[in-house]
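*Asks:* What follows is a protein structure lacking sequence information:
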């Protein structure tokens with residue numbers, strides 16, 4: 001399976017978005033942040049999928065495209081909100097975050 005990343009559609013001062021990032025960090029999941037107030041393509045994605053708020057998430061491939069070839073039928077490629085159930089199902093397929101080594 002190609003390298004997959006979780007994209008979080010966010011906006012400034014979104015407390016729920018920050019909470020989601022903390023969860024993802026604790027699960028060692030790499031996340032790409034996209035500010036929907038600054039990115040018209042991201043805003044269109046939200047509108048097209050009738051997502052009315054942030055955070056919203058999409059699993060993207062190495063080309064930045066939302067995946068359409070799902071590893072199994074129990075997964076969905078994008079969703080609204082901090083759906084821990086979906087994040088856990090995707091965790092084994094997602095790129096892990098890099099651990100930063102502390103200087104000695």
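*Replies:* Here it is on my side, so go on. Owing to the predicted nature of the structure, the values given are computational and were not obtained by experimental measurement. Numbers count the residues shown, from 1 in each chain.

*Asks:* Could you use CA atoms for every contact and neighbour count after this?
*Replies:* Fine.

*Asks:* and residue 87, that one's in a helix?
*Replies:* Yes: according to DSSP: H, G, I helix; E, B strand; the rest coil, residue 87 belongs to a helix.

*Asks:* And for it, the neighbour number?
*Replies:* Around residue 87 sit 19 other residues, with neighbours defined as other Cα atoms under 10 Å.

*Asks:* Check residue 28 too.
*Replies:* Counted with other Cα under 10 Å, residue 28 comes out at 16.

*Asks:* ok, it to residue 95 distance?
*Replies:* Noted for residue 28: a distance of 9 Å to residue 95, by Cα to Cα, to the nearest Å.

*Asks:* residues in contact with the residue lying closest to residue 43 once chain neighbours are set aside?
*Replies:* Once flanking residues are discounted, residue 43 sits nearest to residue 36: 5.0 Å by Cα to Cα, 6 or more residues apart in numbering. When contacts are counted by Cα atoms under 8 Å, 6 or more residues apart in numbering, residue 36 touches 9-11, 42-43.

*Asks:* and residue 36, backbone torsions?
*Replies:* Phi and psi for residue 36, reported as degrees, to the nearest 10, are phi -70, psi -20.

*Asks:* can I get the contacts of residue 36 in CSV with secondary structure, neighbour count and pLDDT?
*Replies:* Formatted as CSV, these follow (DSSP: H, G, I helix; E, B strand; the rest coil; neighbours: other Cα atoms under 10 Å; pLDDT from 0 to 100):
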residue, secondary structure, neighbour count, pLDDT
9, strand, 25, 97
10, strand, 23, 96
11, coil, 18, 96
42, helix, 16, 95
43, helix, 17, 95
